[in-house]
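Undergrad: Sequence first, then the predicted structure, then my questions.
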Amino acid sequence: VGGASNTVPVYIAETVPPALRGRLIVLFQLMVALGQLLSYLVGYALAGPGGWRWMFGLAALPAL
């Protein structure tokens, strides 16, 4: 995640036309913040007893 957070803005700055750079950087930052909010909400929803089983199960889905 740290590498992507450094690489994506540089990639956007080097490859995108100047008129679109600002919009794409803002969109990138917005998606990062929304991902953090979504992960917090899912963690909060599964924080009850036995919720850790759901957390492990949901994390295993992409691996399948």
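TA: Structure received. Residues are numbered from 1 along each chain as shown.

Undergrad: I'd like the distance between the residue lying farthest from the centre of the chain and A33.
TA: The C-alpha centroid of the chain is most remote from P49, which lies 26.3 Å away (Cα atoms, centre = their mean). According to Cβ to Cβ, to the nearest Å, P49 stands 30 Å off from A33. To be clear about C-beta, it is placed using only N, CA and C from the backbone, and glycine gets the same treatment.

Undergrad: So which residues of this protein form helices?
TA: Using DSSP state H, the helices of the chain run over 2-15, 18-45, 51-60.

Undergrad: For these, give me JSON lines that also has mean neighbour count and mean pLDDT.
TA: Shown next, in JSON lines, are these (neighbours: other Cβ atoms under 10 Å; pLDDT from 0 to 100):
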{"stretch": "helix 2-15", "mean neighbour count": "11", "mean pLDDT": "88"}
{"stretch": "helix 18-45", "mean neighbour count": "11", "mean pLDDT": "93"}
{"stretch": "helix 51-60", "mean neighbour count": "11", "mean pLDDT": "89"}
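
Undergrad: Good, we can wrap up now.
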